[in-house]
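Q: sequence and predicted structure below; questions after.
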Amino acid sequence: ELAFLTENDAGTIAERLRITKDGYVGIGSAIPTEKLDVAGNVSLGETLTITGANPNITFVDSDNNPDYKIYASNAVLTVLDSTNSVNALTLSKDAATFTGTVAAAGVSITGNASGIEFKTASANSSNYIKFNDHSSSDDGRIQYEHSTDEFLFLTGTSWRARLHADYFKPETTNEVDLGV
């Protein structure tokens, strides 16, 4: 084995790097258990390339159990929730899928085998699904209005129909009683 030691300003000598007889390299680790075993932070200036039959990055916290794993296989990138044994996120050139909740700016979207749930941070907010093409920012949407307990169907910025618990109202006609 080969060890590299340095002396700090106080005159204390400490081991900084070790190469074992098996070819394992430890930086800050006197007993490396992998080809490269680093105890501490690592900073890379450019690209990290991971190759092999099963390239992956595994995240392990202080309990020494793997929590998440990112791996690539057949042009699909997957984030695995190792604790619950589910794919939390899958990305391919054709689609992105997720399990669990995605939250941003006060809105959470939860997907599971039964459907998708949209939740806003405020109980009096509107939820909507918006449909746009690449050249427009407001083609159409289906919107739920919490304050009036109804669905609105819009194109552009104008509503075209309302679906309430008691009636359906197209934009240009009177209410149509749903008979409930």
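A: Done, it's in.
Q: list the contacts for the closest residue to residue 40 other than its chain neighbours?
A: Setting aside the residues directly before and after it, residue 40 is nearest to residue 28 in space (CB to CB, 6 or more residues apart in numbering), at 5.0 Å. Backbone N, C-alpha and C define where each C-beta goes, glycine included. Shown in contact with residue 28 (CB atoms under 8 Å, 6 or more residues apart in numbering): 16, 38-40.
Q: inside strands: which ones of those?
A: Judged by DSSP state E, strands contain the following of the contacts of residue 28: 16, 38.
Q: wait, which of the contacts of residue 28 is closest to residue 88?
A: Using CB to CB, residue 38 comes nearest to residue 88 of the contacts of residue 28, at 26.0 Å.
Q: which residues sit in contact with the nearest residue in space to that closest one that is not next to it in sequence?
A: In space, and not counting its chain neighbours, residue 38 is closest to residue 27: 4.7 Å by CB to CB, 6+ apart. Contacts for residue 27 (CB under 8 Å, 6+ apart) come out as 16-17, 36-40.
Q: just grab the bridge partners of residue 27 for me.
A: Assessed by DSSP bridges, residue 27 has beta-bridge partners residue 17, residue 38.
Q: what separation is there between it and residue 62?
A: As judged by CB to CB, to the nearest Å, residue 27 and residue 62 stand 20 Å apart.
Q: need the three-state assignment for the most centrally placed residue in the chain.
A: The centre of the chain sits closest to residue 89, judged by CA atoms, centre = their mean, with a distance of 5.9 Å. Using DSSP: H, G, I helix; E, B strand; the rest coil, the structure places residue 89 in strand.
Q: if we can go back for a sec, most neighbours out of the contacts of residue 28, which is it?
A: In terms of neighbours by other CB atoms under 10 Å, the contacts of residue 28 top out with residue 38 at 14 neighbours.
Q: does it touch residue 29 like I think?
A: Yes. Counting by CB atoms under 8 Å, residue 29 is a contact partner of residue 38 at 7.0 Å.
Q: what sits against residue 35?
A: Residue 35 is in contact with 23-25, counting by CB under 8 Å, 6+ apart.
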